[in-house]
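Trainee: Test case, fold it:
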Amino acid sequence: MTHSGSDLTKSDLRKKYREIRDEAASNVTIASFAAARHFQGIIEIPESGVVAGYWPMRNEFDSRPLMVKLREAGHPLALPVVVGKDQPLVFKEWSPGDVLVEGGFGTQVPHASARELVPDVALVPMLAFDAEGYRLGYGGGFYDRTLAQAPMKWQTLSVGLAFAAQEAEKLPREKHDHKLHWIVTEQGTRTFV
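Mentor: Next up, the predicted model:
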């Protein structure tokens, strides 16, 4: 079911979709494994292509089941690291079982000595998405800044992970907002390329 968001501010929408996401998160384990199957059945990653996931916070859609499967298939993994308030993210190498440290903004990140990688695929968290492939994030702009920079802009496939309930009819957007290439939910995949 899609939700209308046309008359609400981004701040109002963040509150609304945080509540929707929190309710949908009661089935996060089942949903995450279903999304991993959908992803692997459709989205092609170059052999040994690097995949950047994220460590879920609060009730975010859990990318870890997919990341484990991708690591088993031979893909190097990375997690995002915030390096500064108005800076793009960097991605540090990570494998299941590696110890994580506090990374600021409530995140868990690889150790500072972990190697920096440029991902071929970036798994992107969100509060909401719409039928045109735009997402509503948390307001920090980290993913938009990251996906806009070279070499990310042209080489990295961006894949949003969310619960199907997080879909909005149309989200407000600004010129710095970037459309995702794919959205994957527990109900299937959609492409916007």
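Trainee: And the strands in the chain, which stretches?
Mentor: 51-52, 77-81, 90-94, 101-102, 108-109, 116-117, 121-124, 128-130, 135-136, 157-161, 167-168, 182-185, 188-191 (DSSP state E).
Trainee: So which of those is the most surrounded?
Mentor: strand 51-52 (a mean of 28; mean count of other Cβ atoms under 10 Å). All C-beta spots, glycine's among them, are computed from the backbone N, C-alpha and C.
Trainee: Any figure for the gap between the residue sitting nearest the centre point of the chain and residue 182?
Mentor: The residue lying closest to the centre of the chain (Cα atoms, centre = their mean) is residue 124, at 1.3 Å. Distance, residue 124 to residue 182, by Cβ to Cβ, to the nearest Å: 10 Å.
Trainee: bridging residues for the residue nearest to the centre of the chain?
Mentor: Beta-bridge pairing for residue 124 (DSSP bridges): residue 160.
Trainee: For it, list the residues it contacts.
Mentor: Listed by Cβ atoms under 8 Å, 6 or more residues apart in numbering, the contact partners of residue 124 are 54, 135, 143, 158-161, 180.
Trainee: nearest to residue 83, of the residues you listed?
Mentor: residue 143 (13.9 Å; Cβ to Cβ).
Trainee: show me the contacts for that closest one.
Mentor: Listed by Cβ under 8 Å, 6+ apart, the contact set of residue 143 reads 89, 122, 124, 135, 137, 158, 178.
Trainee: Tell me how many other residues surround residue 131.
Mentor: Residue 131 has 14 neighbours, counted by other Cβ atoms under 10 Å.
Trainee: wait, isn't it in contact with residue 179?
Mentor: No - Residue 131 is beyond contact range of residue 179, at 11.2 Å (criterion: Cβ atoms under 8 Å).
Trainee: Now do the end-to-end distance for stretch 71-80.
Mentor: Using Cα to Cα, to the nearest Å, one end of stretch 71-80 lies 16 Å from the other.
Trainee: likewise stretch 87-99?
Mentor: OK, stretch 87-99 end separation, Cα to Cα: 25 Å.
Trainee: Quick one: mean pLDDT for that stretch?
Mentor: Across stretch 87-99, pLDDT averages out at 94.
Trainee: contacting residues around it?
Mentor: 50, 52, 64, 67-68, 71, 76-83, 100, 109-111, 114-119, 122, 142-143, 145-146, 148-149, 152.
Trainee: quick one: low-confidence parts of the chain?
Mentor: Within the chain, the stretches with pLDDT under 70 are 1-7, 150-154.
Trainee: for the closest residue to residue 18 other than its chain neighbours, phi and psi?
Mentor: Using Cβ to Cβ, 6 or more residues apart in numbering and skipping the chain neighbours, the partner closest in space to residue 18 is residue 127 (5.9 Å). Note on residue 127: backbone dihedrals following degrees, to the nearest 10 are phi -100, psi -30.
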